[in-house]
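Engineer: any chance you can model this:
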Amino acid sequence: TKLILLDSLLQEKTDMALCDLPTELVEEILSYDLEFQDIVNFSRTCQRFRNICKSKEIWHFVFRSKFKNLHRKLQLNSKNVDWKEEFKIRYMLGMKSEQIISSMSNEFYKQTELSTGDFRAFDDILMEFNPQVSFHHAYVLDHIRLLLGGENADADLTKKYYGAKVVRHVNNRVLSPVISNFVSTATSEYEYLQYEKVLILIAQWCQPEVGVDEEEISASLDEVSQKIFNSIVEDGNLCKEIQTIQELKNLKKDKHLSRTILDKTNVFLAENGFSGNSENYYLPANSYVNKVLETKLGIPISLSLMYLSITGRFGIRCEPINFPRHFLLRWMEFPEEKEEIQKYTYIDVFNGGTRMTAHQARGLLGDELVQPNNLFQLASPLASAQRMMRNLISIGASHSNNMRDSSYTLLRSALEFMLLVNSEEVPDFSFMLSRVYLQLNINHEETINMLSKYNNNPGLAHQVEFLLATCQMQKEEKLKETKQIEAKRRDKNFPDGEVRLKVGTVALHKKYHYKCVVFGWDERCKASMSWIRQMGVDRLPRKEKQPFYNVLVEDGSNRYAADENLEVCDPVRIQHSEVGKYFKEFSENNGYIPNEELTLEYPDF
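Structural biologist: Down below sits the predicted model:
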C-alpha cells in the first residue's frame, strides 16, 4: 500500500513513476519502514524490481528492523550472512513453532503438566540443526519469546501458556550441554570470568522466557567498571600513563591503590542504589544477575559474585568465601603476614562492601556456628553455583508448599540445574526431583533412570523400590487416559442449588478476601470427608451440600471454594501461571473468555 501511494504521489508531482527511478534510489526506498510482504509483492511486478529486491542491503535492513536481538547475534558470530535466506528460515521456523503451539491445547488439555516427551515436535526441529553452527534454535526461542511478550497482554493466553512451556523445554535443551561443558572445564582456581559465567548461566536457565543475553550482561558489567575507572582517574589516583581499564588490570598495584579501587567500587555501588534486598530477601530475582543489575537489589552471593566480576576487571583478586548463613569475599591485603588467615581482609558486599578482619567476620555468627576448620572455605565456581541453586531450591519448595506454584516451576528448574552441576552425585536432589515428577505425573522414564542409580544402595533400596513402583503404576494409568473431554451441563434443578458462577467469572472470597477466576464447578462438594472436616466445610451453613468451584487465585494457588463464600466482582486480571490453560483472553467487561477445550467441558459456561 505504501509503495502504491508513493508511486501515485511521484506521478502526480513529478510525472515520474517508481520504475523511472535509479536503482540506488529504489533500494533506499525499499529499505525504509516496509514489511517484508511489501517487498515480496513489489518483486513480482517486473524483472527489474525482482533483481533489485535480491539486494543484500535491503534484506539486511528488513532482518535488522524485524529481529533486532537476532541481528546483533548474527553480526557478532557470522561472516557473509545471507540476510534474505536467514530471514526466510527465521520466518518459516516461527510459523512452524506457532502452528505446533496452537495445537497443544487440544493435545494436552487433560494433562496436569507436560512431560519431556510431549515436546517431541520441537526436539525434531532442534535435531535438524547443530546449535554450534546454526541459529535455528535461537530463531525458535526468539519467536516464542516475542509471542509471550506481545503488545496485548490480554490476548492469546492459551498460546502463551503452552509457549512458556515450550520455551522452557527448548531453552533447557540448548543450555544443558553448555552447562555440562562448563562443569567439565571449570577449575577450582580463581578466575573472575568463571564466576561471571555462573551468574549468567543461572539467570539464563531460570528465566527461559526472558532470553538473558551473555554479551549484554558482560557489557553492563564493563560499563559499571568503566564508570568506576573514570572516577578513579578524575580523582588523580593514577599516573598519566594508565589510560584504560586493561592497563590498570595489568599494573602491579600497591596496597594503597588497591584500597582506593575497592573504596571507589563501594562508593559507586552505594550511590547508584545497589544494596542487599533485606525487605524481600527470598525473592528469586535476587539471584538473577540481569535482575540484580536492573533492580540493584540482591542477596549476599549474587552481589558478591557481581562485585568480584567488577573488581576482577581491575586486576584485584577478590575470592568468594562459603561463609555459613552468609557469603563473603576475601582480598589479600597483608601478604607479608605469616599466618595464612591474617593475610586476608574480608568484604561483606551485602552490607555496602564493609571490610573486616577474620576475627570480626567470626563475630557475624553465633558461638554455636563458629567452626574454625572450614569457616573461611573458598567457594569454587561450581561450589558457588551449587550454593545459589540450594537457595533457589529452598525458595521453590517454599512456594510449592504454600500452593503458590502448583506446577513446581522454580523448584523443578533449580533441581534440574543442580543435577547438572552436582559433581558429587548427592542422591537427595535426585530423590527430590523424582518426587516432583511423580507429583505432577510426568517424566516417568527420566524418573526411572534417576532412581535406578541407587537401586543397590542398602540405605536407599526401600525408598527406591517404593518410588519406582509408584512410577510404574502412573505409567500404566497414563496409557489408559483418553483425550476426550466430557461435557458438564448446568441445571437449575440441581438438588443442592443452582450453579451461580460460570467459568471465566472473576469472584471475591467473602472470608479470605482473595480474588480468583472460576475454571470449573461441581454441583456439590466432591472432596473427601476428611478434607471437608479439615477445611471447616462442615461448619458452613450449607455444609458440603452446595455447588463448589475450582478457582485460580491471585496469589498463584488453586483452591476449591464453596458457593456461599464467593461473590461476583468487577473483572480484574488474575496473575496465575495456569490462566492460559483454560482461557484464551481477558475482557475488562466480561472477565475471562474460555478457550475451546474449556468450552467443550462446560458448554453452558
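
Engineer: from now on I want contacts and neighbour counts done on CA atoms only, so please keep to that.
Structural biologist: Will do.

Engineer: beta partners for residue 517?
Structural biologist: Per DSSP bridges, residues listed as beta-bridge partners of residue 517: residue 506, residue 552.

Engineer: export only the CA atoms of stretch 203-223, formatted as PDB.
Structural biologist: Taking Å, rounded to 0.1, in the frame of the first residue of the first chain, the C-alpha atoms of stretch 203-223 are listed here in PDB:
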ATOM      1  CA  ALA A 203      19.900 -16.400  35.000                       C
ATOM      2  CA  GLN A 204      19.500 -18.000  31.600                       C
ATOM      3  CA  TRP A 205      18.300 -21.300  32.900                       C
ATOM      4  CA  CYS A 206      15.800 -19.900  35.400                       C
ATOM      5  CA  GLN A 207      14.300 -17.300  33.200                       C
ATOM      6  CA  PRO A 208      13.800 -19.000  29.800                       C
ATOM      7  CA  GLU A 209      11.100 -16.600  28.800                       C
ATOM      8  CA  VAL A 210      13.400 -13.600  29.100                       C
ATOM      9  CA  GLY A 211      16.300 -14.600  26.900                       C
ATOM     10  CA  VAL A 212      19.200 -13.400  29.100                       C
ATOM     11  CA  ASP A 213      22.000 -12.300  26.700                       C
ATOM     12  CA  GLU A 214      25.500 -13.100  27.900                       C
ATOM     13  CA  GLU A 215      27.100 -10.300  25.900                       C
ATOM     14  CA  GLU A 216      24.600  -7.800  27.300                       C
ATOM     15  CA  ILE A 217      25.400  -8.800  30.900                       C
ATOM     16  CA  SER A 218      29.100  -8.600  30.300                       C
ATOM     17  CA  ALA A 219      28.700  -5.200  28.600                       C
ATOM     18  CA  SER A 220      26.700  -4.000  31.600                       C
ATOM     19  CA  LEU A 221      29.500  -5.000  33.900                       C
ATOM     20  CA  ASP A 222      32.000  -3.400  31.600                       C
ATOM     21  CA  GLU A 223      30.000  -0.200  31.800                       C
END
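
Engineer: identify the residues contacting it?
Structural biologist: The contact list for stretch 203-223, computed with Cα atoms under 8 Å, 6 or more residues apart in numbering, reads 145, 148, 164, 167-168, 171-172, 175, 200, 287-290, 293, 309-310, 313, 410, 413-414, 417.

Engineer: just the ones of those in helices?
Structural biologist: 145, 148, 164, 167-168, 171-172, 175, 200, 289-290, 293, 309-310, 410, 413-414, 417 (DSSP state H).

Engineer: report the central residue of this protein.
Structural biologist: residue 207 (1.1 Å; Cα atoms, centre = their mean).

Engineer: drop anything exposed from the ones in helices among the contacts of stretch 203-223.
Structural biologist: The neighbour count (16 or more other Cα atoms under 10 Å) marks 145, 148, 164, 167-168, 171-172, 175, 200, 289-290, 293, 309-310, 410, 413-414, 417 as buried among those.

Engineer: pretty sure residue 58 sits in a helix.
Structural biologist: Yes: under DSSP: H, G, I helix; E, B strand; the rest coil, residue 58 sits within a helix.

Engineer: quick one: it from residue 509, how far?
Structural biologist: 57 Å (Cα to Cα, to the nearest Å).

Engineer: residue 331 too?
Structural biologist: On the measure of Cα to Cα, residue 331 and residue 509 end up 55 Å apart.

Engineer: so which residues of the stretch 251-400 of the chain form strands?
Structural biologist: Counting by DSSP state E, counting those that start in this stretch, the stretch 251-400 of the chain has strands at residues 275-276, 297-298, 318-321, 328-332, 344-348, 354-356.

Engineer: for the fourth one, name the packing helices and strands.
Structural biologist: By that I understand strand 328-332. helix 300-312, strand 318-321, strand 344-348 (3 or more Cα pairs under 8 Å, 6 or more residues apart in numbering; DSSP states H and E).

Engineer: ok, residues contacting the first one?
Structural biologist: This means helix 300-312. With Cα under 8 Å, 6+ apart as the criterion, helix 300-312 contacts 192-193, 195-196, 199, 221-222, 224-225, 249, 261-262, 265, 276, 286-289, 292, 317-320, 326-329, 348-350, 384, 388.

Engineer: got the angle for that helix vs strand 344-348?
Structural biologist: Counting by axes from the mean of the first three to the mean of the last three Cα atoms, to 10 degrees, helix 300-312 points 120 degrees away from the direction of strand 344-348.

Engineer: CA-only coordinates of helix 300-312 in CSV, if you can.
Structural biologist: Extracted C-alpha coordinates of helix 300-312, given in CSV (Å, rounded to 0.1, in the frame of the first residue of the first chain):
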residue,chain,number,x,y,z
PRO,A,300,25.0,-11.9,49.6
ILE,A,301,26.1,-14.4,47.0
SER,A,302,24.7,-12.7,43.9
LEU,A,303,26.1,-9.3,44.9
SER,A,304,29.4,-10.8,45.9
LEU,A,305,29.9,-12.6,42.5
MET,A,306,28.9,-9.4,40.7
TYR,A,307,31.4,-7.5,42.8
LEU,A,308,34.3,-9.8,42.1
SER,A,309,33.4,-9.7,38.4
ILE,A,310,33.8,-5.9,38.6
THR,A,311,37.0,-5.8,40.6
GLY,A,312,38.4,-8.6,38.6
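
Engineer: buried residues in it, which are they?
Structural biologist: So helix 300-312, judged by 16+ other Cα under 10 Å, has buried residues 300-312.

Engineer: how about stretch 278-286?
Structural biologist: 282, 284, 285, 286.

Engineer: list the contacts of the third one.
Structural biologist: Going by Cα under 8 Å, 6+ apart, residue 285 touches 291, 292, 298.

Engineer: what's the answer for the last one, then?
Structural biologist: Contacts of residue 286 were listed using Cα under 8 Å, 6+ apart, and they are 277, 292, 297, 298, 299, 302.

Engineer: okay, it and residue 203: tell me how far apart.
Structural biologist: 10 Å.

Engineer: same check on the first one?
Structural biologist: Remark: distance between residue 282 and residue 203 (Cα to Cα) = 16 Å.
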